[in-house]
Each structure stands twice: as C-alpha cells, then as structure tokens.
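J.: predicted coordinates and the sequence they were generated for:
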Amino acid sequence: MPPEADPAEHAPQHQHQLVVVANRLPVDSRTLPDGGNEWVTSPGGLVTAMESVMRNVASGAWVGWAGSPGTPPDPFEADGMSLYPVALSAEEIRRYYEGYSNATLWPLYHDVIVDPEFHRAWWDSYLAVNRRFGRAAAAVTAPGGTIWVHDYQLQLVPRMIRDERSDVRIGFFNHIPFPAVELFSQLPKRNSILRGLLGADVVGFQRESDALNFVAAVRKLLGYHVDGMTISVPGLGAAPMREVRAQTFPISIDTTAVSALSEDPQILERAAQLRRDLGNPDKIVLGVDRLDYTKGIRHRLKAWGELLDDGSIDPHDTVMIQVATPSRERVEAYKQLRDEVELTVGRINGEHAPIGRPAVSYQHHSFDRRDMTAMYMAADVVLVTALRDGMNLVAKEYVASRPDLQGVLVLSEFAGAADELRAAVMVNPHDIDELKAAILRALAMPPEEQEEAMRSLRHQVLEHDVQAWARSFLDRLEESDRPEERATPPARLTGDAPSDPEELDAALRAFADVPRLLIASDFDGVLAPIVADRDAVQPDDASLSALRDLSELPGVAVALVSGRALADLDAHTRMPSSVVLVGSHGAEVGALPPWMQAEVLDKSALVMSREKEELLASITTNLRRIARAHPGTEVETKPTAAVLHTRSAKGRGAINATESALEYAVTLPDVTVTPGKEVVEFAVIHTSKGVAVEALARASAADAWLYLGDDVTDESVFALLGGPDVGIKVGEGDTAAALRIDGPGAVRGVLERLLALRGEQS
Ligand code: GDG
C-alpha cells in the first residue's frame, strides 16, 4: 500500500507565495555516527536559482520527495524555504519513478535511444503520485500565489492543481527535450500528458525545437487553436477559454559560485596535483556525466579507443578521465550500459595503458563540487557528446571554471547547450570519424584560438546565469492573465429580452451560406420543455424532425448534446445514425457517421479507471444520503457521473440540498462539479459540452457551428464561438451567446428556418 501521509497535514499554518514542485527535495539523508539520520540540504543549480528568487517573496516553499521510501520526514525549514516532503512507497518508486518516468518517458523524450517500455500499472502509479504532489502543492499555496512545477516526472501536476486552485498562477519547466510529434504520439496516455501540461499558464522548454514540438503535438493531437506559441485551451465545464504560453528558457548554472571556486587557491592546487597524479601528461581530456545512455559515453569511448588503436593519440602524452556518476542503477538499460562501458574501458586500458597509469581513468562515483572544479581546471579538453540532452550543464560549468581562457569544449549539436555555446567545437557524436577529428582538432588547438573561443563562450555563460533564468521564467508567468481576470466567460447578452427577429434571421442566412456546418443543440429546455419528472419529458416533434432533415443535407453535421446519459438521450430522441448523440456533458459520445474523423475524439481521457469507479460509487452514496434528508430530491447515476436532481423538492428542500451538495463538493478536488438548472452534477471524467462540440466540429471539418442551449453547462460551448459561428441562448440569463430566443417554441422556428435556407441550396 502506498503511504498516505499527506504533507498538508503537517503544514505550518502559513501559506506560501511561491511554491516549487519537483520530484526531489533539495535534501539528502545523512547517517550520523550514532546510527541516526539527519537531513542536509544539497544545493544544486535549481536550489541556488530558487534561493535568489525566494529572497524577493514573503514566503517560499518546495514540495518534493526526500529520497527514501515510506514515511517522509515532517516539513522543515531550510535555506529560507519551507520544505514539504511527499511520501513515495517502494512500489511507487519502482512504478512511477523507475518505471513510467525513467523507462517510459525518459527514453521516449530522448528520441528512443533505447526502447521505451509501456506498462499500464506504471501509468496508474504515475497518475496517483502526480495527484499526491498536486494536492500537496495546492494545499500550501497562498491565495493568488505562484506554483512552479519541474520536469517530466510531474507533467500531470499543473492540470491537477488548476482543477483544485483556479486562483493561482502555474508554471511548468521541462528540463529534458520534448520529442517530435511522430515520436510523442507513441506514448500511451499522450493526450492526458498534454492536458496535464496545459494546466499551466506558461510551459517552459530548454530549446526552441522543444517548444515547437510541444505546440505541434497540442495542435495535432488535441486540435486546439494555436496562434504562434500561444495555445487556446477550452475551459472545463462552464469555465472560459484559457491561454497557455509555450516558451524557451535555456537553463544555466550558478556562475558566481563556480567562478568563486575557480579562483580558490586550494582548488588551483588540487588541479595541479591531479595532473601530477596522472603522471604529468601533456593533455587531459575529461568527460563528466551521469552514467546515462543519452550522454553518448559509448560513442566517446569508441572514438577514443580508435584514436589509440590507430596511433593518433599516444597514451603516454594524453589521458582521458571519465567521471560516470552512478544513476538509476535498478533500471535495466542502465545496468546494461554500465556493463558495456566498463567492458570497453577495461579493454582500452588492457590494450593501451602504460604501466602505472591509465589510458582512461574511469570514475564510477561522485565527487564534491570542489573536486569537480579542480577537474574542469585541469582539463585541456572537455567532451560533451550527448546523443540527446535537454541542456547539459557540464558544458556551461567547464566554461565558467576557466577564467584563464584556456581549454576546449567539444560539444554535441544534440545538447541544448549547442544553441547558445556557438564557439564550441561542434560535433555529431553519431559520426565516429567526425568525433575523432573533433577530438584531434581540440587537442591541437593553439592557445590563442582557445582563448578566442573561450572568451566568447564565457561571455554567453556569465551573462546568462541560473538566477536570470529563474527570474525570466517567473516574470513571464507574472505577465500571464491574472487568474481572477479569466474567472467568468464574457457575457455578450444580459437580461432576458429576445434578440431582434431581423438580427436573428440575418445571422441564420449568413450561417446557411457557409459550406460545411455543424448544428448542435442541447436537449432539455431547448428541444423539450423542462418538466418535473425527467422521464416524462416531451420533445418537440417538429424540432426533432427538422434536425433529422438537416442531418440528411450535404455539408451539414448535426449533434444533440445533453447532460443526460447517452442511453437516456437516445431513448427520448430516437435519432437516426446521421445525428451524433453526446451524453453526460461530453463524457459519452455515441457512434459517429462514417464520414467523421473519429480519431480526433480523444476517448482515452474518457476511460473510467478502477479508481474513478470507486470514487463515483462513494459520491453516489453521499449524494443519496443528502437526497434522503431532502424529500423530493433524487440521485441519477450515469456511467461517469452522479447527479442530484432537486426539481421535485418541497419548500426550501431544493436550496438546502444544493447547499449540502456544494459543501460536499469542496472535499472532492478531482471531481468536476457542475451546478445547473435544479441539478448538481458530480463528474469523475473531466470534460464539458464545449470540449465535445469542439471535437465534433473538428471531426466534421465544420467551417462554422451553430449551437442552441439554455443551461449554464451550455456556456462552455458559447464561450468557444466566434467569427462565422452562431450561439443562441434559449431563455433568460447572462450568456456568452450573441443571440437569444425565448423558449423551445422559438427553437422550432429557428431549425425550420435553417432547413428552409439550406434546403434551397441543395
Ligand atoms: C537534466 C537534463 C539539463 C555530475 N557528476 C557529478 C556532479 N555532476 C553534476 C554536473 C552537473 C549535473 O550533475 C548534471 O547536469 P546535466 O545538465 O549534465 O545533466 P542531467 O543530470 O541529465 O540533467 C539536462 C539539466 O537537467 C538541467 O535542466 O541540463 O539536459 O538531462 O551540474 O556537474 N556533481 C558533483 N559530483 C559529481 O560526481 N558534485
């Protein structure tokens, strides 16, 4: 069983203005001499960056895993922030972290250097853990605060927070590449991932190509409207459209800290000692990487081995140091990589190393920052030969460690750093001959040429440090719409007066002239008067018949969209197969006519998991309890939702039952609760009529849509309409529709007029 400790339970009373969410907290567990344990902070680039921005906010926090399975430590303070540990069970570490994150997403996002594995149990765990992180973050953020979510392990978190906290700004930064849509499309649950990310206001990437790949995936797989790097995301339920910005923010390092180390005399001495320890070679070539197949270590060793084989390098003059920090050691591909690398190093040393000194000094352990800097300072050449890398900080650290302006960086064009560090010796690491030539060129580069290149590289790195990176991301996030500004869709009409008949007719005439149309309508209150007994509903036969006839005309798609369950809607309308039925506010879509493109409807998001089934069962039980306390109210169960109906309640019963239901709703962050006309719907599948109608418009390649609706749930469709579209609100109330008619009788008039106008053309 996963540990269910909820960090919010231990939370200090105050709420935080800025909350960072990352898989790992910036702490490590250290064993004390007495066998006990203590937590020490392990400042990396991200922590340093955050420290500088957190100085400017009243209160900062970090939510993440503390690094060991089971019960996490209580929240604690470190470096001016509150740290909130999130629990991960041993099984979740295997499935969410080693599985879906590191054996599915990591290889897929790095262009399938090894084959990604797909397992449904891993996904379930990823979902559950993301939810835990999302809830923990939502619980500790101040009203109107900012949450910054990091990296591929937590891609669902932005949306999960958004569903719970519409008042906060949410940013997401992806530290690794985002793959081309052709590759990304292989990912099971790909659309859930995209929707998860689109919960953010700003989605940040390392390289321009990553941001472009993401936007292309959103356009192709979700069909959302994209304008440059701005994506229009339809709202959930009655929520309005949101704008999400995709942008490039190349990450950097704490150059001040690295520069300070590089000027420390003790570290200078360590660098000199290192050279002596290696037998005073003329040249030291260095590689520093996590032992990961993306880093191109095998390619590098192959090139190095061949240079020794063909005598281009003399192992008496030139030594290679390869630091390969242990990483993800329980993931199969990493075990294999380690075996291969160590075999190759052993072979190279066996064949070429002079007695008493290595040809390749292989270090499979980690070093402290001071030792790392000493290595950079001793290295005449650093090899960064990644096959795919989000950025690669080693490249930037090397440059920042060389105030002497000496040293050569050989840099793979597949590392994000290649976009900025143009003065490096660029290389395609897949081309072993090219790699060998680049290494020889670097080894032979005259000091003046080194100086010129290093000066240019240092200018780039010193001008753009990690603090500037964090500030520019947060500034961009700050510029996104204030959450409260987008709280309600724009009301185009207020009051209850029907539109001028002339205006309505002109709109219908213009609409009927458009080549491909989608005509969609709500059912209750539009095609049938609202009645107390929902089963006794009497649809207007003439309206249904007009819709039927419209659906037979060329270039016209017709859909009925209702909050009712699909089967219920079908039973009351008996429409032919040319009319698409959409039930449960978009969560159930009936059969599509063969000419519609079914693939644009994302059914995967609509699938009920066991977890959702259980949630729905418990909601139903609770709503039934509320219904028993308020005679006349009743609970309807649908495949993906439970609905409290209050139409037949006595006295104040309807109001009281609705209030109880809404109070209960607050306890259900993962449920979409939609109050409508004398109903409150609790849906465990997140969708809306707007999402469904938009998908149908795409599936039918419609140039314009007409929508008729009377309920608040129809506002999610009206909010999407623009240009050539026609939105008609049936009955009173503020609305985002541009036209109003007064009831089902007038609907019949509209549909018959449309039939006449369009029929004339065919
Ligand atoms: C991901 C993306 C992106 C390594 N060995 C030791 C050690 N290191 C430090 C390096 C560097 C860091 O680890 C590695 O950063 P990279 O950027 O090279 O790569 P990933 O770990 O894959 O990081 C990457 C990064 O996120 C940031 O967005 O650049 O593309 O894959 O700082 O110096 N540090 C110490 N001892 C070691 O033995 N102290």
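T.: Received it, and whenever you're ready, just let me know what you need.
J.: residue of the stretch 401-550 of the chain closest to the ligand, please.
T.: At 6.0 Å from the ligand, residue 416 is the closest residue in the stretch 401-550 of the chain, using C-beta to the nearest ligand atom. Every residue, glycine included, has its C-beta placed from N, CA and C.
J.: look at the residue in the stretch 151-300 of the chain that the ligand sits nearest to and give its secondary structure.
T.: Nearest residue of the stretch 151-300 of the chain to the ligand, counting by C-beta to the nearest ligand atom: residue 175, 3.6 Å away. Judged by DSSP: H, G, I helix; E, B strand; the rest coil, the three-state class of residue 175 is coil.
J.: sorry, back to before: mind pulling the model confidence for the residue of the stretch 401-550 of the chain closest to the ligand?
T.: You'll see residue 416 listed with a pLDDT of 97.
J.: so it touches residue 209, yeah?
T.: No. At 9.0 Å, residue 416 does not count as touching residue 209 under the criterion of C-beta atoms under 8 Å.
J.: what residues are up against residue 528?
T.: 537, 538, 539, 540, 572, 744 (C-beta atoms under 8 Å, 6 or more residues apart in numbering).
J.: which two of these have the greatest separation?
T.: The distance between the two most remote of the contacts of residue 528 (C-beta to C-beta) is 13.8 Å, for 572 and 744.
J.: which residues touch the residue nearest the centre of the chain?
T.: Nearest residue to the geometric centre of the chain (C-alpha atoms, centre = their mean): residue 197, 2.2 Å. Applying C-beta under 8 Å, 6+ apart, we find residue 197 in contact with 155, 158, 159, 172, 203, 214.
J.: ok, now how distant is residue 307 from the ligand?
T.: Residue 307 sits 24 Å away from the ligand, going by C-beta to the nearest ligand atom, to the nearest Å.
J.: dump the residue contacts of residue 564.
T.: Counting by C-beta under 8 Å, 6+ apart, residue 564 has contacts 523, 524, 534, 572, 583, 584, 638.
J.: number of nearby residues for the first one?
T.: Read it as residue 523. 26 (other C-beta atoms under 10 Å).
J.: check the last one too.
T.: By the other C-beta under 10 Å criterion, the neighbourhood of residue 638 contains 24 residues.
J.: was I right to think it contacts residue 583?
T.: Yes. Counting by C-beta under 8 Å, residue 638 touches residue 583, with 7.5 Å between them.
J.: which residues do those two both contact?
T.: Joint contacts of residue 638 and residue 583 (C-beta under 8 Å, 6+ apart) are 564, 565.
J.: quick revisit: list the contacts for the residue of the stretch 401-550 of the chain closest to the ligand?
T.: 177, 206, 207, 210, 250, 389, 390, 391, 392.
J.: follow-up on the earlier one: buried subset of the contacts of residue 528 as a PyMOL selection?
T.: Command for PyMOL that selects the buried part of these, burial taken from 16 or more other C-beta atoms under 10 Å:
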select buried, resi 537+539+540+572+744
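J.: quick one, strands of the stretch 251-400 of the chain?
T.: 283-290, 318-325, 360-363, 381-384 (DSSP state E, counting those that start in this stretch).
J.: quick one: name the residues of the stretch 51-200 of the chain near the ligand.
T.: Proximity of the stretch 51-200 of the chain to the ligand, by C-beta under 6 Å from any ligand atom, involves residues 175, 176.
J.: same deal with the chain?
T.: 175-176, 251, 288, 290, 323, 325, 366-369, 372, 389-394, 397.
J.: buried subset of those residues?
T.: By 16+ other C-beta under 10 Å, these give 175-176, 251, 288, 290, 323, 372, 389-394, 397 as buried.
J.: related to what we said a few turns ago, what is the nearest of the contacts of residue 197 to residue 684?
T.: Out of these, the member with the shortest distance to residue 684 (by C-beta to C-beta) is residue 159, at 14.8 Å.
J.: quick one: secondary structure of the closest one?
T.: helix.
J.: who touches it in this structure?
T.: By C-beta under 8 Å, 6+ apart, the contact list for residue 159 reads 195, 196, 197, 198, 199.
J.: same deal with residue 152?
T.: Counted by C-beta under 8 Å, 6+ apart, residue 152 has contacts 101, 105, 106, 109, 174, 175, 176.
J.: just the buried residues from these, in ChimeraX please.
T.: In ChimeraX, this line selects whichever of the contacts of residue 152 come out buried by 16+ other C-beta under 10 Å:
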select :101,105,106,109,174,175,176
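J.: make a markdown table from the contacts of residue 152 and add pLDDT and distance to residue 626 to it.
T.: Below are the contacts of residue 152 laid out as a markdown table (pLDDT from 0 to 100; distance: C-beta to C-beta, whole Å):
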| residue | pLDDT | distance to residue 626 |
| --- | --- | --- |
| 101 | 97 | 40 |
| 105 | 98 | 41 |
| 106 | 97 | 46 |
| 109 | 98 | 45 |
| 174 | 97 | 43 |
| 175 | 95 | 46 |
| 176 | 96 | 46 |
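J.: just name the closest of the contacts of residue 152 to residue 139, please.
T.: Distance to residue 139, by C-beta to C-beta, is smallest for residue 101 among the contacts of residue 152, at 23.1 Å.
J.: pretty sure the closest one is touching residue 126, no?
T.: Yes. Proximity of residue 101 to residue 126 meets the contact threshold set by C-beta under 8 Å, at 7.1 Å.
J.: circling back to that earlier point, in JSON lines, list the strands of the stretch 251-400 of the chain along with mean pLDDT.
T.: JSON lines is the format used below for those (pLDDT from 0 to 100):
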{"stretch": "strand 283-290", "mean pLDDT": "97"}
{"stretch": "strand 318-325", "mean pLDDT": "96"}
{"stretch": "strand 360-363", "mean pLDDT": "97"}
{"stretch": "strand 381-384", "mean pLDDT": "98"}
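J.: any idea which of those strands is most buried?
T.: Comparing those by mean neighbour count (mean count of other C-beta atoms under 10 Å), strand 381-384 ranks first with a mean of 28.
J.: can I get that strand as PDB, trimmed to CA atoms?
T.: This file holds the C-alpha atoms of strand 381-384, laid out as PDB (Å, rounded to 0.1, in the frame of the first residue of the first chain):
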ATOM      1  CA  VAL A 381      39.500  19.300 -23.500                       C
ATOM      2  CA  VAL A 382      36.100  18.500 -22.200                       C
ATOM      3  CA  LEU A 383      34.000  16.100 -24.300                       C
ATOM      4  CA  VAL A 384      30.200  16.600 -24.200                       C
END
